[in-house]
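Colleague: Sequence plus the predicted model coming up.
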Amino acid sequence: MTVQRIGLGDAEIIRILEWQGAFAPAGRIVPEPAEAAWRRAGPDHYDPASGSYLGALQTWVVRTGAHTVVVDTGVGDDRERPDTPLFHRRKGRFLDLLAEAGIRPEDVDVVVNTHLHADHVGWNTRDRQGSWVPSFPNAVYHLPAADLAFFDPGAAHPARTDDSVDPARWAEWDRVFADSLAPVLAAGQAAPWSGTRTIGTGLVLQEAPGHTPGSSVLRLTSGGEHAVFVGDLLHSPVQLANPGCSSCFCLDQEQAAASRLRILRQAADRRELVLPAHFAGPGAARVERAGAGFVPRWVS
C-alpha cells in the first residue's frame, strides 16, 4: 500500500509511502540495543537473517478542512547525494502518489519540515527547466530556526570549525541546503520559527531538539482526538522499548533521548497517535507505558 488514510476526529491523515525495505545494519542505525531487543521489534522492522534495519521513506499529509499540511517531504528526485546510495539521483513517485491521494501541489497551504535533514526536505523543491523551485507554490514552509542557523552555509555556525562533525557531512548538508532550502527562502515562502508555533486550528509545532538542534514535533487535535508527528525522534520501535537509545544520526544523543522520553510520555498520557517518519509496517501507533519504556498498539 502506497497511500493509506487514517481518520482522526474531523481530520484526515494520509500516509504517502515512497519506499520501505532494508536500509542498513540495525546495530549501525540504533547502536545500543542488543539483537534480542531488535528481534522483539518484529518482522516489519528487523530482518534477523541479515541483521538489517527495515525502514521507510514516507510523508504524512493532514487535511483539516481548513488546511492541507504536508509533514516532511522525503528525499526528492534528481538530487546529488553520493554518500547515500538510496537517495542519490533518486527517481520516485512522490507527486504521483499525492495525485492518487487527491492532492495537487497547489492545494497544499502548509509544509512542515520537522528538521532539515536530506530525507525530510527533498520535495520542498522540484526541477523546472534546470532550476530548483518550490514544489508547493501556495504553501508557507515552516522551518525550525535553530536548524536554519546550524545548516545554512552562510551562517558560519561554530560547529563548522570544530571537530564535532565529520567534514563530509557538512558537504552533503550544503548540497541539501542549496537544492531543497535556499530556493524556498529565495521565493519568500519560508517561515522560520522557534519555541512553539500554532499554524492552524488544532495544529501546533513544538521544539524537541537533539536529533538536530531544531528538531520538532507537530501536534494535531481534532474532534477530541490527538496525534503527534515525531519526525526522527524515533527510527524504530526498538526505541519505544528503549527510549534512552538514540540513532546514529542524532547530533546530540543525550538531548535526543530526553526529548524522546518527554514526547512519548505525553503521547501515552494523552493517547496520542504517534506518527514517525521512518516506521515500516503499519507506520503509526498509539503507545502505552511498560516499565521504563513503551509498547505500540498499531493503527492501520
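Modeller: Right, received. Where do you want to start?

Colleague: and the residue nearest to residue 223 when sequence neighbours are not counted, how far is that from residue 281?
Modeller: Using CB to CB, 6 or more residues apart in numbering and skipping the chain neighbours, the partner closest in space to residue 223 is residue 9 (2.4 Å). Where you see a C-beta, it was placed from the backbone N, CA and C, and this is true even at glycine. Noted for residue 9: a distance of 24 Å to residue 281, by CB to CB, to the nearest Å.

Colleague: of the two, who's got more company?
Modeller: Each of residue 9 and residue 281 has its neighbours counted (other CB atoms under 10 Å); residue 281 has more, 18 against 15.

Colleague: Between the two ends of stretch 59-77, how far is it?
Modeller: Counting by CA to CA, to the nearest Å, you get 14 Å between the two ends of stretch 59-77.

Colleague: one step back: list the contacts of the residue nearest to residue 223.
Modeller: Residue 9 makes contacts with 221-225, as judged by CB atoms under 8 Å, 6 or more residues apart in numbering.

Colleague: Now render these as TSV, adding secondary structure.
Modeller: What follows is those, written out as TSV (DSSP: H, G, I helix; E, B strand; the rest coil):
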residue	secondary structure
221	strand
222	strand
223	coil
224	coil
225	strand
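
Colleague: what's the closest of those residues to residue 25?
Modeller: Residue 25 lies nearest to residue 225 out of these, by CB to CB, at 37.4 Å.

Colleague: what's the distance between the residue nearest to residue 37 when sequence neighbours are not counted and residue 35?
Modeller: Once flanking residues are discounted, residue 37 sits nearest to residue 238: 5.4 Å by CB to CB, 6+ apart. In this view, residue 238 and residue 35 are 10 Å apart by CB to CB.

Colleague: and what of residue 227?
Modeller: Distance from residue 227 to residue 35, by CB to CB: 32 Å.

Colleague: re the thing from before, need the contacts of residue 9 in a markdown table (columns: neighbour count and pLDDT).
Modeller: Formatted as a markdown table, the contacts of residue 9 follow (neighbours: other CB atoms under 10 Å; pLDDT from 0 to 100):
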| residue | neighbour count | pLDDT |
| --- | --- | --- |
| 221 | 18 | 98 |
| 222 | 20 | 98 |
| 223 | 11 | 97 |
| 224 | 8 | 96 |
| 225 | 17 | 98 |
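
Colleague: In this structure residue 237 contacts residue 41, no?
Modeller: Yes: look at residue 237 against residue 41 with CB atoms under 8 Å: they come within range, at 4.6 Å.

Colleague: what about those two, which has more around it?
Modeller: Counted by other CB under 10 Å, residue 237 and residue 41 do not tie: residue 237 has more neighbours, with 26 against 23.
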